[in-house]
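Visitor: Kindly return the folded structure for what I paste below:
(one chain, ligands or ions: 1)
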Amino acid sequence: MADLSTSFTGIRFKNPFLLASAPPTESDSNILRAFEAGWGGVVTKTIGMHPVVNVKGPKTKFLRADNDATRLSMTKRPNSTLVASWNWELISDKPVDWWLPRLEKIKKAFPDRILIASIMAGSGNDKELRNWQALTKMCQDAGADGFELNFSCPHMDRIDMGSNVGKDKVLCSVVTMAVKEVAKVPVWVKLTPATSNIAEEAEASFRGGADAVSSSNTFPSLPLIDPNTLDFEMNVEGYVSPGGLGGPAILPLSLAKMAQITKAFPDKAFSGIGGVSNFDHALCYFLLGCGTVQVCTAAMLDSAIGPNVIKTLTNGMAEFMEKRGYASVDDFRGLRRDRVVAHSQIKRPEQLEYHGGYEGEEHEGYAKPAEPAVTV
Ligand SMILES: Cc1cc2nc3c(=O)[nH]c(=O)nc-3n(C[C@H](O)[C@H](O)[C@H](O)COP(=O)(O)O)c2cc1C
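Guide: Just a heads-up that it's a prediction; the model follows:
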């Protein structure tokens, strides 16, 4: 059996697969089951210090496509295929005092598995920065091996939190710096994909001292409208607000975000998230330069914590490595990062003249063309 173990931000993982911060990691019982099933690590459901009350009714539903027609709907039905998850769930509604003894218990039961605490506080004043530091100290004293700072949840009931932090480069730096001041273990930052150039927020987070960047959280989106009732497929008393899209639909979107940051910072550490349910999907993230991969939607639909998903991932990785003679993930990490280039760098038919999208120099009256942009 190939050696799937890896070192990521100085932490040793038995395999590079983690359950992402979400319902699969919302309780100690789920996390213990996940470790029994073989996950190398988990990122806890995000822990905060403010009171959390979720909406009335379901917090997550799954969008499916008919196999032999074009219908897309959240109605669960046979002969259909999963397209995406959609959720407007807030962070953990359990207080930090509920979590601390449970973090300790999990670490005692599985000392060799990696427990990353996802944390979130507000921003904009010193009290909130102190809350980030208090969460950090409490969770690391309880045994957390590392942190993931949630700068990424798209639907928050407060404007000073979640993706609103991840959309503000100064806040990305300031909050990361505040956490790093007190953290004795590695600190990852989970960024929102909902910005125009995620490399800028990644740069700000690394400047603040982040040891890694994770991406993506869910993409801001709305449920579809039912053509019969004219109601959104998910609503409370007719009303909806933007929530997050996850699952297969976001794999290509998230890969594009990941390529932007791994290309901008080839020497930094990245954890890939979004649309992964088997090793082929995870491989895309590794080939772009990620050192670990996280899973949510696929695990939710597989006995809530993904016992079959983790088997598929580890068996798939072992087979792939044996077939190609790789000794560790480092042998293939980043192998396709440099294949993502600016559109102007993609070859044109030989017989046609091409000037990188600009007029050729020989056109009298036009300025000399600028250097073609190389950012993607
Ligand atoms: C119901 C639900 C709740 C989530 N809660 C959190 C959370 O508390 N903190 C967080 O960082 N991400 C949260 N996420 C985002 C996931 O961790 C993950 O980034 C996203 O679902 C994309 O991965 P996937 O395509 O494997 O689902 C949540 C996702 C879902 C579906």
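
Visitor: Secondary structure class of P24, three-state.
Guide: helix (DSSP: H, G, I helix; E, B strand; the rest coil).

Visitor: Could you check how far it is from T218?
Guide: Using C-beta to C-beta, to the nearest Å, we find P24 at a distance of 14 Å from T218. C-beta coordinates here come from the backbone N, C-alpha and C atoms, glycine included.

Visitor: Spell out which residues of the stretch 251-376 of the chain are next to the ligand.
Guide: The stretch 251-376 of the chain has residues 273-276, 295-298 near the ligand, with proximity defined as C-beta under 6 Å from any ligand atom.

Visitor: if you set the cut-off to 5 Å instead, what comes out?
Guide: Residues of the stretch 251-376 of the chain lying near the ligand by C-beta under 5 Å from any ligand atom: 273-275, 295-297.

Visitor: Run through the strands of the stretch 1-150 of the chain in chain order.
Guide: 6-8, 11-13, 17-19, 41-43, 47-48, 60-66, 72-73, 80-87, 114-120, 146-151 (DSSP state E, counting those that start in this stretch).

Visitor: just checking, what packs against the lowest-mean-pLDDT helix or strand in the chain?
Guide: Scoring the helices and strands of the chain by mean pLDDT, DSSP states H and E places helix 163-166 at the bottom, with a mean of 92. Helix 163-166 is packed against strand 146-151, helix 169-182, with contacts defined by 3 or more C-beta pairs under 8 Å, 6 or more residues apart in numbering; DSSP states H and E.

Visitor: That one vs the ligand: in contact?
Guide: No: residues of helix 163-166 contacting the ligand under C-beta under 5 Å from any ligand atom: none, with a closest distance of 10.0 Å.

Visitor: Would you pull up the residue in the stretch 51-200 of the chain closest to the ligand?
Guide: Closest to the ligand within the stretch 51-200 of the chain is N87: 3.6 Å, counting by C-beta to the nearest ligand atom.

Visitor: For that residue, which non-adjacent residue is closest in space?
Guide: Nearest non-adjacent residue to N87, counting by C-beta to C-beta, 6 or more residues apart in numbering: T60, 4.0 Å away.

Visitor: again, but for N197
Guide: Closest to N197 by C-beta to C-beta, 6+ apart is Q260, at 6.9 Å.

Visitor: before we move on, which element is that neighbour in?
Guide: Q260 is part of helix 251-264, with elements assigned from DSSP states H and E.

Visitor: can you tell me the average pLDDT over that helix?
Guide: The predicted model assigns helix 251-264 a mean pLDDT of 98.

Visitor: Next SSE downstream of that helix?
Guide: strand 269-273.

Visitor: now the angle from that next one to helix 251-264?
Guide: 170 degrees (axes from the mean of the first three to the mean of the last three C-alpha atoms, to 10 degrees).

Visitor: Tell me the strands beside strand 269-273, with direction?
Guide: strand 212-215 (parallel), strand 292-295 (parallel) (DSSP bridges).

Visitor: what residues does the first one touch?
Guide: When contacts are taken as C-beta atoms under 8 Å, 6 or more residues apart in numbering, the neighbours of strand 212-215 outside the stretch itself are 8-9, 43, 148, 152, 186, 188-191, 193, 198, 202, 205-206, 254, 257-258, 261, 268-274, 291, 294.

Visitor: for stretch 299-307, same thing?
Guide: Taking C-beta under 8 Å, 6+ apart as the rule, stretch 299-307 contacts 19, 22-24, 30, 33-34, 37-39, 60, 62, 82, 85, 295, 298, 308-309.

Visitor: Can you select the buried ones among those for me in ChimeraX?
Guide: Buried subset of these, written as a ChimeraX selection, criterion 16 or more other C-beta atoms under 10 Å:
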select :19,22,23,24,30,33,34,37,38,39,60,62,82,85,295,298,309
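
Visitor: which phi and psi does the closest residue to T297 other than its chain neighbours have?
Guide: Nearest non-adjacent residue to T297, counting by C-beta to C-beta, 6+ apart: G247, 3.8 Å away. Note on G247: backbone dihedrals following degrees, to the nearest 10 are phi 90, psi -170.

Visitor: So what's the residue count around G247?
Guide: Neighbourhood size, G247 [other C-beta atoms under 10 Å]: 23.

Visitor: what's near enough to touch whichever residue of the stretch 101-250 of the chain sits closest to the ligand?
Guide: Closest approach between the stretch 101-250 of the chain and the ligand, counting by C-beta to the nearest ligand atom: G246, at 3.1 Å. Contacts for G246 were tallied using C-beta under 8 Å, 6+ apart; they are 84-87, 218-219, 274-275, 296-297.

Visitor: Surely the residue of the stretch 51-200 of the chain closest to the ligand and G244 touch.
Guide: Yes: the pair N87 and G244 passes the contact test of C-beta atoms under 8 Å, sitting 5.5 Å apart.

Visitor: shared neighbours of these two, anything?
Guide: Contacts common to N87 and G244, judged by C-beta under 8 Å, 6+ apart, are T218.

Visitor: List the buried residues in the helix ranked longest in the chain.
Guide: Using DSSP state H to define each element, the chain has its longest helix at helix 307-324. For helix 307-324, the neighbour count (16+ other C-beta under 10 Å) marks 307, 309-310, 312-314, 316-318, 320-321 as buried.

Visitor: pLDDT for those - can I get that in JSON lines?
Guide: Listed next are the buried residues of helix 307-324 as JSON lines, based on pLDDT from 0 to 100:
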{"residue": "P307", "pLDDT": "98"}
{"residue": "V309", "pLDDT": "98"}
{"residue": "I310", "pLDDT": "98"}
{"residue": "T312", "pLDDT": "98"}
{"residue": "L313", "pLDDT": "98"}
{"residue": "T314", "pLDDT": "98"}
{"residue": "G316", "pLDDT": "98"}
{"residue": "M317", "pLDDT": "98"}
{"residue": "A318", "pLDDT": "98"}
{"residue": "F320", "pLDDT": "98"}
{"residue": "M321", "pLDDT": "98"}
